[in-house]
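Peer 1: I need the structure of the sequence given here:
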Amino acid sequence: MSNEQFKYEKLYQITMAIAKKLYQDQLISKEEYCQIDTIFKKKYQSTLGTLFTDIDLL
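Peer 2: Predicted structure coming up:
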């Protein structure tokens, strides 16, 4: 993994941690959380994030 890929992976993980907190605080729905995940997985080209796709972390 290059430094740039690692940077984008960190950004994705941080973004999803924030989204998860918003979901837990009932500020966004599960559907919105999933939309955020899809958008940012594509934006940051997350490779590690796909490892957790089949696991319901919520």
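Peer 1: and the residue nearest the centre of the protein?
Peer 2: Met16 (3.5 Å; Cα atoms, centre = their mean).
Peer 1: correct me if wrong: that residue contacts Cys34.
Peer 2: No. With contact defined as Cβ atoms under 8 Å, Met16 does not reach Cys34; the gap is 11.0 Å. All C-beta spots, glycine's among them, are computed from the backbone N, C-alpha and C.
Peer 1: which residues are in contact with each of these two?
Peer 2: Shared contacts of Met16 and Cys34, defined by Cβ atoms under 8 Å, 6 or more residues apart in numbering, are absent.
Peer 1: the residue nearest to the centre of the chain is in what secondary structure piece?
Peer 2: Assigning secondary structure by DSSP states H and E places Met16 in helix 3-24.
Peer 1: check which helices and strands that helix sits against.
Peer 2: Applying 3 or more Cβ pairs under 8 Å, 6 or more residues apart in numbering; DSSP states H and E, we find helix 3-24 packed against helix 30-44.
Peer 1: for the helix it packs on, give me every contacting residue.
Peer 2: Residues outside helix 30-44 that contact it (Cβ under 8 Å, 6+ apart) are 8-9, 11-12, 15-16, 19-20, 22-23, 28, 46, 49-50, 58.
Peer 1: what is the orientation angle of that helix with helix 3-24?
Peer 2: Counting by axes from the mean of the first three to the mean of the last three Cα atoms, to 10 degrees, helix 30-44 lies at 170 degrees to helix 3-24.
Peer 1: pull out the buried positions in helix 30-44.
Peer 2: For helix 30-44, the neighbour count (16 or more other Cβ atoms under 10 Å) marks Tyr33, Ile36, Asp37, Phe40, Lys41, Tyr44 as buried.
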